[in-house]
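Asks: Attaching a predicted model along with its sequence, questions to come.
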Amino acid sequence: MKQFKTESKRILDLMINSIYTNKEIFLRELISNASDAIDKLKFISLTDTEVGSNFYIKLSVDKENRTLTIEDNGIGMTEADLEKNLGTIAESGTLAFKKENQDKTDSELIGQFGVGFYSAFMVADKIDVYTKSYKDKTSHKWSSKGVEGYTIEECEKDGFGTKIVLTLKQDGEDADYGEFLEEYKISSLVKQYSDYIRYPIKMDMVRSRKKEGTPDDKPEYETYTEEETLNSMVPLWKKPKAEVTDENLKSFYKNEFHDFSDPIKGVYAKIEGAVTYDTLLFFPSRAPYDYYSKDYKKGVKLYCNGVMIMEKCEQLIPDYFGFVKGIVDSADLNLNISREILQQDRQVKAIALSLEKKISAELKKMMDSDRENYEKLFKEFGLSLKFGVYAGFGANKDKLKDFLMFYSSKQEKLISLSEYVKDMGEGQDAIYYACGESYEKISALPQIEKAKDKGVDILYFKDGVDEFVAKILIDYEGKKFLSVSEADFSLDTDEEKKELENKIEENKELIEAIKNALGDKVKEVKLTTKLKTYPVCLTAFGDVSIEMEKVFNSMPNADGKVKAEKILEISSTHKILDKLKTVFAENKDQISKYATVLYEQARLLEGLAIEDVPAFVNAMSEIM
Ligand code: ADP
């Protein structure tokens, strides 16, 4: 007996003991695996006529032995495939599973992983898989009764494909597994979940008829079986648009892309133009656990006239829209084209262009008329759009800038850049933003306080990439981006500016002494009117902002060399200035201690660590 990998065991355990109410989904999972397997063989059959053509999925029940069998004549599995596919659950998935999901409920977990084949353990206490790969002379049987492990042995099997025999659990108080042996139940589940599957899902149905030769007034009946196809087999994207409901789209999505949650939106379109194709596009409601990692593979399913030629065609979707799932079916493609050539194919490129336009248009529509859902989407995938703006030196920034949203200090919700600019007061000529790790931390920045008082809107840049995005965009509708931590940022009127100039003149020597005391730590010391209750703040000069310094220095190979050129700004209206003046008048040497304390305080306010703890502590206690 072979052991399942540790993490697979945990998922199995979860399945076996699951109280998940939607147990019936196991059937659509197995049918959709069977359909995928046939898709694969059908593709091969285009060039290899040996492998057959009469494709189908067959369901059968045996009430006596309590078995439900799902059989396909698809691609099948070799011994190595069995080992790899059914002995373990994808490595990356299990890793995330271990780390992040200690406190999730069963349904959430099952939902998150869409644990395909394993879901059969919700209803079966024994599973036998008989399979023959089109590549293989021998057939194999995989058997498992759950967590203890599985066996693989050679067996007899006619024809390519896979036959899965589920021995259903005994009925319990809370669950009636026996219903999966009832024809009406099976047939209604197929209708509900798998109707559009493109291959016939057949089942022998028991019928009854009048026995021949028995009199009409005293008829006798006999039973017989008749094979029936349970599904309509029309792919959803080949149905007339008017017949496709939102519900159809949702269940198709969940089925096809193994997601247990509804998509935020499904789109069905028939595109005609430079290229002609049918497409179903979906915006998932949740980022897959590996979305922002290298493991994630984007792409849409590509069909040529109903024959799947590629499971994930990445060429059709740009990275920044990598979250979009869907199907493209076009008759314009060359069926016999190899996968390598497909990548440079003109038609594929044309579809990609058109698809991107379609996705953009749908996003725009959602943003304008369904803001709630757009925000949901943005919270999950906004980072992807931001990386898109930043990537390739901003090559795609103009396509993407209008999809960005940032939190507005004034409106206290996410707004677009265009909305920000529209609401800008007269005289404001830049888009103001403030950086920080969280909304709370940004709200606590000294500069924000004053801006709020003056009714000026400030965008919160909470993600590490936000400021880089602003630098790449340079401006939006001619308005430059200006950080509230940048030296140029001022909300003053002319009068206030004049007043400040006078104060600067008066305190020239004092300020110089503070700068001298701090040496290279700061590039400049100056007076400011931007603060309300705080005595000091730090701003940056030049290209590297304080927030960027933090981002750089939190990277794995940081050497601490990237530093913002800092300016220590002292509030011209705070009573600290009077105190400094007095100290400076009485004893010039004392000022360096005050300088140290002010500088370190300003660092703390910006979310930086104290630079020289002993010096700070000493200076502080001496002053006290
Ligand atoms: P998923 O379908 O999401 O990849 P599953 O656990 O359902 O995950 O299946 C794991 C793998 O086992 C599939 O990717 C496929 O390679 C293989 N497999 C499952 N069912 C079949 C089948 N009926 N025929 C051939 N291969 C299959």
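Replies: On my side now, so go ahead. Numbers count the residues shown, from 1 in each chain.

Asks: Going by C-alpha atoms from here, please, whenever you check contacts or count neighbours.
Replies: Fine.

Asks: Tell me where the stretch 451-600 of the chain has strands.
Replies: Read by DSSP state E, counting those that start in this stretch, the stretch 451-600 of the chain holds these strands, from start to end of the chain: 459-461, 475-476, 479-483, 524-528, 536-541, 565-571.

Asks: Only the buried residues of stretch 525-544, if you could.
Replies: With burial defined by 16 or more other Cα atoms under 10 Å, the residues of stretch 525-544 counted as buried are 525-532, 534-541, 544.

Asks: Who does whichever strand or helix holds residue 60 pair with, and is each partner parallel or antiparallel?
Replies: Secondary structure assigned from DSSP states H and E places residue 60 in strand 57-62. Each strand paired with strand 57-62, and its direction, by DSSP bridges: strand 67-72 (antiparallel), strand 201-210 (parallel).

Asks: Show me the contact partners of the last one.
Replies: What it means is strand 201-210. Counting contacts by Cα atoms under 8 Å, 6 or more residues apart in numbering, the residues outside strand 201-210 that touch it are 56-60, 183, 219-231.

Asks: go with 6 Å
Replies: When contacts are defined by Cα atoms under 6 Å, 6 or more residues apart in numbering, strand 201-210 is touched by residues 57-60, 220-230.

Asks: Closest one to the ligand out of those residues, please.
Replies: If you rank the contacts of strand 201-210 by distance to the ligand using Cα to the nearest ligand atom, residue 57 comes first, at 9.4 Å.

Asks: Show the pLDDT at that closest one.
Replies: Predicted confidence (pLDDT) for residue 57: 98.

Asks: since we're on it, how many residues are nearby?
Replies: Other residues near residue 57 come to 23 when the count uses other Cα atoms under 10 Å.

Asks: Spit out the contact partners of it.
Replies: The neighbours of residue 57, taking Cα under 6 Å, 6+ apart as the test, are 71, 72, 201.

Asks: Against the ligand, how distant is the residue lying closest to residue 534 once chain neighbours are set aside?
Replies: Nearest-residue entry for residue 534: residue 446, 6.1 Å, with adjacent residues in sequence omitted and distances by Cα to Cα, 6 or more residues apart in numbering. The span separating residue 446 from the ligand equals 51 Å under the rule Cα to the nearest ligand atom, to the nearest Å.

Asks: Report the separation between residue 446 and residue 116.
Replies: With distances defined as Cα to Cα, to the nearest Å, the gap from residue 446 to residue 116 amounts to 52 Å.

Asks: Also residue 181?
Replies: Distance from residue 181 to residue 116, counting by Cα to Cα: 21 Å.

Asks: Which positions in the strand holding residue 60 come out as buried?
Replies: For strand 57-62, the buried set under the neighbour-count rule, 16+ other Cα under 10 Å, comprises 57, 58, 59, 60, 61.

Asks: Output that strand as PDB - backbone C-alpha positions only.
Replies: Once non-C-alpha atoms are left out, strand 57-62 reads as follows in PDB (Å, rounded to 0.1, in the frame of the first residue of the first chain):
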ATOM      1  CA  ILE A  57     -19.100   9.400 -21.000                       C
ATOM      2  CA  LYS A  58     -21.100   6.600 -19.600                       C
ATOM      3  CA  LEU A  59     -22.700   6.500 -16.100                       C
ATOM      4  CA  SER A  60     -24.100   3.400 -14.600                       C
ATOM      5  CA  VAL A  61     -25.400   2.300 -11.200                       C
ATOM      6  CA  ASP A  62     -25.500  -1.100  -9.400                       C
END
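
Asks: near the ligand, anything from it?
Replies: No: looking at strand 57-62 against the ligand by Cα under 6 Å from any ligand atom, there are no contacts, and the closest approach is 9.4 Å.

Asks: doesn't residue 268 fall inside a strand?
Replies: Yes: when classified by DSSP: H, G, I helix; E, B strand; the rest coil, residue 268 is found to be part of a strand.

Asks: Mind checking which of residue 446 and residue 116 has more residues around it?
Replies: With other Cα under 10 Å as the criterion, residue 446 and residue 116 differ in neighbour count, and residue 446 comes out ahead with 23 against 18.

Asks: quick revisit: export the contacts of residue 57 to CSV and append columns for neighbour count and pLDDT.
Replies: What follows is the contacts of residue 57, written out as CSV (neighbours: other Cα atoms under 10 Å; pLDDT from 0 to 100):
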residue, neighbour count, pLDDT
71, 24, 98
72, 26, 97
201, 26, 97
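
Asks: is it possible to export those residues to TSV including distance to the ligand?
Replies: Listed next are these as TSV, based on distance: Cα to the nearest ligand atom, whole Å:
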residue	distance to the ligand
71	7
72	6
201	13
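
Asks: how about CSV for these, with distance to residue 50 added?
Replies: Formatted as CSV, the entries for the contacts of residue 57 read as follows, by distance: Cα to Cα, whole Å:
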residue, distance to residue 50
71, 20
72, 17
201, 23
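
Asks: Point out where the stretch 201-350 of the chain drops to low pLDDT.
Replies: Segments of the stretch 201-350 of the chain classed as low confidence (criterion: pLDDT under 70) are 334-343.

Asks: what ranges do the helices span in it?
Replies: Here the stretch 201-350 of the chain has its helices, by DSSP state H, counting those that start in this stretch, at 246-257, 339-342, 346-369.

Asks: out of those, deepest packed?
Replies: Stretch with highest mean neighbour count among these: helix 246-257 (a mean of 19; mean count of other Cα atoms under 10 Å).

Asks: Next, see if that helix gets close to the ligand.
Replies: No: where contact is defined by Cα under 6 Å from any ligand atom, no part of helix 246-257 touches the ligand; the two come within 8.2 Å at best.

Asks: other SSEs contacting that helix?
Replies: Of the remaining helices and strands, none touches helix 246-257 by 3 or more Cα pairs under 6 Å, 6 or more residues apart in numbering; DSSP states H and E.

Asks: and with 10 Å instead?
Replies: Packing partners of helix 246-257 (3 or more Cα pairs under 10 Å, 6 or more residues apart in numbering; DSSP states H and E): helix 25-45, helix 183-194, strand 265-271, strand 277-283, strand 325-329.

Asks: export the ones you listed to TSV and tack on mean neighbour count?
Replies: Formatted as TSV, the helices and strands packed on helix 246-257 follow (neighbours: other Cα atoms under 10 Å):
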stretch	mean neighbour count
helix 25-45	21
helix 183-194	18
strand 265-271	18
strand 277-283	22
strand 325-329	23
